[in-house]
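Enquirer: Take a look and give me a structure for this.
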Amino acid sequence: MVKSQGAHASKWMRLLAILLAFTFVAAACGSSDSGSSAEDVASGDTTAEEPAAEEPAAEEPAAEEPAPEIIETFEEEPAEIVPVKGGTLRFALEADGDGLNPTTSALAASGYMMTGAVLETLSAVAADGTIVPFLAESFTPSDDFLNWQVKLRPDMTFTDGTPLTSAAIADNFTRQLGDLLVGLAVNPFFVGVEEKITVIDDLTAEFHLAIPNAHFPATLTGQVGMVASPTWLAAADADPTLNQEPVGTGPFLFDSRTPDSLTRFVRNDNYWNGEVYLDALEFAPVTDSDARVDLLLEGDVQGLHTTNAESIVELSEDDSIEMLLNDTTEESFSMINTENAPFDDIRVREALTLATFRENYIELVGAGIQRGANQMFAPESPYFNPDVVQETENPAAALLLVEEYCAELPANCNDGRIDFALSYSGPSVVQDRIADILTVGWTEGGFNVSQNMIPQDSFIQAIAFGQYQVNTWRQFGANDPVADNVWLWCAGVGGISLNWPRFCDEGRDVLLLEAMASTDEGRRAEIYQELVARIHDDYTYIFYTRTIWSVAFTDAVNGHCDRVTPEGVALACATNGSSSFGTTWISE
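Expert: Next comes the predicted model:
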């Protein structure tokens, strides 16, 4: 049985102090989830023993399998159960974030979870996957999809009393454009446009794009679409510590924050979109997935999120836990930095792919529940290309390419082998384990691999600056793939880059532009299938598995999937490991 939350209040605070010993900040950029889809790099950890090296699996790579049955998703409460006010929901995050300011902070799953308590977006993802207005009342495009008018709902205010107007949209957006990192996700859509946003009237702002985008509202479901109080943003300019204390229109108010330890929000009794039940929300970063699970099963927290397959299996075996599960968005993979030797040569990238023991990864990391992935779309997606299957499990073929490369460019080799570093975020037992699994195949394929664990608080920045050769990653979680364009543009390559592999394919850009402008879903499917094939042929990513996100709660947590728009449209319960708690309540 789950113990009452009151019995654990003091133990919870003691645990927070202990957790500081191994909790690190995870800075990740926008994701995406976000109609920005920034990708979170902090994977869930496990304390399972590291596996011994195994022989390669079958030579033929496996195609994606149907989704495994794990556990039913979060069940709706019977109609006769009436929500009650009160209680504090304590939630264990996989990592912290570098800040809670949507115009300057790099938000990933944990950042979205915390900011989502306070900050809301212009559009939202509906339960059926469509994009619907939220803070906005409507979106109206020009005939060429170069201009989009966003009309706000009337008579809305931020919790500090500042009116929510089109000027607030313009202020937030202009700040994002000017930020060194956040701007990278926004500027490619507006390059060369002198006036990128105009205020039409108090409730209407108009975005002026450089590229026709028939799906622009999809980009406003995440960080780019968040609207914070201009009064707070101006105050944060003068006092940067206020970047940790957001002010928005959401169901909760910021209360307190100690980075790497505890962030607390309290109920907004004047919330505009319905009654809020919880007295407070408390978030604590716990980077070790096993520790997160223990806290949940012992009743010290009432919720957590994780992508760790072994943790998900363990939680599925406990009848007192309910989970929101999804594996149709993000993928887990390695990225290859193509900017410098040796990986500026496609032969070396292909050799690394050939030498990958992908089946070992699926078996040993996937815990029998993760599907293999060969591309950035799930088989259920209309954009999935069934002809794209990676060539892996073949270190002998990799050796031939390495030998050819080293014969041509011996200065880039060491005794006929290629040296490189595999970077990953940590500290993380599961990431150490993944590095060991991958190193086995790559070693047999003619590579000398050194392992480079980068603390989570600096990992994203290191990747953005190109300070890596090969890494482990998860990404491509946008509800509409147009929001993932920022990771693929040629325009995204630079000193600081969101095109993480730093690879420019102008033919790929042509496809991305057509997909953005098209309203013909049949043609869009053809475009993305061709895009997937091009990505495969460039050998810049080595896909492993479909990421399973679990947002898990004790059975005392109710109402989590009851969130709706003012028009009554049901909204998604969770997206890429983040969710909202505006309708959540705790039973006694």
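Enquirer: In terms of helices and strands, where is residue 323?
Expert: strand 321-326 (DSSP states H and E).
Enquirer: three-state assignment of the residue of the chain most remote from its centre?
Expert: Here the centre of the chain is the reference, and by Cα atoms, centre = their mean the most remote residue is residue 407, at 41.2 Å. Assigned by DSSP: H, G, I helix; E, B strand; the rest coil, the conformation of residue 407 is helix.
Enquirer: for stretch 281-301, the distance to its chain's centre please.
Expert: Averaging C-alpha positions (Cα atoms, centre = their mean, to the nearest Å) puts stretch 281-301 20 Å from its chain's average.
Enquirer: mind exporting it as CSV, just the C-alpha atoms?
Expert: Output of stretch 281-301 as CSV, limited to C-alpha atoms (Å, rounded to 0.1, in the frame of the first residue of the first chain):
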residue,chain,number,x,y,z
LEU,A,281,3.4,21.0,-6.8
GLU,A,282,6.9,20.1,-5.8
PHE,A,283,9.6,18.9,-8.4
ALA,A,284,12.9,17.4,-7.4
PRO,A,285,15.6,16.2,-9.9
VAL,A,286,16.7,12.6,-9.3
THR,A,287,19.0,11.6,-12.1
ASP,A,288,19.2,7.9,-11.1
SER,A,289,16.1,6.1,-12.5
ASP,A,290,16.2,3.4,-9.8
ALA,A,291,16.2,6.0,-7.1
ARG,A,292,13.2,7.7,-8.7
VAL,A,293,11.3,4.4,-8.8
ASP,A,294,12.1,3.6,-5.2
LEU,A,295,10.8,7.0,-4.1
LEU,A,296,7.5,6.4,-6.0
LEU,A,297,7.0,2.8,-4.7
GLU,A,298,7.7,3.9,-1.1
GLY,A,299,5.2,6.8,-1.4
ASP,A,300,7.8,9.6,-0.9
VAL,A,301,6.8,11.0,-4.3
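Enquirer: which parts of that stretch are buried?
Expert: 281-297, 299-301 (16 or more other Cβ atoms under 10 Å). C-beta coordinates here come from the backbone N, C-alpha and C atoms, glycine included.
Enquirer: cool, stretch 155-174 as well?
Expert: 156, 158-159, 162-166, 168-173.
Enquirer: residues in contact with residue 296?
Expert: Counting by Cβ atoms under 8 Å, 6 or more residues apart in numbering, residue 296 makes contact with 92, 302-304, 315, 321, 552, 554.
Enquirer: and of those, the nearest to residue 273?
Expert: residue 303 (21.4 Å; Cβ to Cβ).
Enquirer: In contact with that closest one, which residues are there?
Expert: Residue 303 sits in contact with 89-92, 296, 551-554, 557, where contact means Cβ under 8 Å, 6+ apart.
Enquirer: contact partners of the helix or strand just after the strand holding residue 323?
Expert: Downstream of strand 321-326, the first helix or strand assigned by DSSP H and E is strand 331-336. Residues external to strand 331-336 that are found in contact with it (Cβ under 8 Å, 6+ apart): 43, 307, 343, 349, 352, 356, 365, 370, 373, 375-376, 422, 438, 463, 469-476, 500-501, 539-547.
Enquirer: Also stretch 394-403?
Expert: Taking Cβ under 8 Å, 6+ apart as the rule, stretch 394-403 contacts 56, 59, 347-348, 350-352, 354-355, 391, 413, 416-418, 441, 444-447.
Enquirer: swap the cut-off to 10 Å and go again
Expert: 56, 59, 61, 342, 345-357, 391-392, 413, 416-418, 440-447 (Cβ atoms under 10 Å, 6 or more residues apart in numbering).
Enquirer: Drop anything exposed from those.
Expert: 56, 61, 342, 345, 347-357, 391-392, 413, 418, 440-442, 444-447.
Enquirer: Quick check: chain neighbours aside, which residue is closest to residue 191?
Expert: residue 210 (5.1 Å; Cβ to Cβ, 6 or more residues apart in numbering).
Enquirer: so where's the stretch 51-200 of the chain uncertain?
Expert: 51-80 (pLDDT under 70).
Enquirer: And the helices in it?
Expert: 109-115, 166-178, 182-186 (DSSP state H, counting those that start in this stretch).
Enquirer: Mind checking these for the one nearest to residue 381?
Expert: helix 109-115 (20.9 Å).
Enquirer: Give the other helices and strands that that closest one contacts.
Expert: When contacts are defined as 3 or more Cβ pairs under 10 Å, 6 or more residues apart in numbering; DSSP states H and E, helix 109-115 sits against strand 88-93, strand 252-258, strand 262-267, strand 280-285, strand 303-306, strand 549-554, strand 574-575, strand 578-579.
Enquirer: The third one: how far from the chain's middle?
Expert: Centre-to-centre, strand 262-267 and its host chain are 22 Å apart (Cα atoms, centre = their mean).
Enquirer: Paired strands for that strand, with orientation please.
Expert: In the sheet, strand 262-267 lines up against strand 252-258 (antiparallel), strand 280-285 (antiparallel) (DSSP bridges).
Enquirer: re the thing from before, can I get the helices of the stretch 51-200 of the chain in TSV with distance to residue 487?
Expert: Below are the helices of the stretch 51-200 of the chain laid out as TSV (distance: least, Cβ to Cβ, whole Å):
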stretch	distance to residue 487
helix 109-115	16
helix 166-178	17
helix 182-186	9
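Enquirer: Which one, of those helices, ends up nearest to residue 327?
Expert: That would be, of these and by Cβ to Cβ, helix 109-115, which comes in at 14.5 Å.
Enquirer: Show me which positions of the closest one end up buried.
Expert: Buried, per 16+ other Cβ under 10 Å, within helix 109-115: 109-115.
Enquirer: So, low pLDDT: which residues of the protein?
Expert: Ranges of the chain meeting pLDDT under 70: 1-80, 457.
Enquirer: hey, which helix is longest across it?
Expert: helix 521-538 (DSSP state H).
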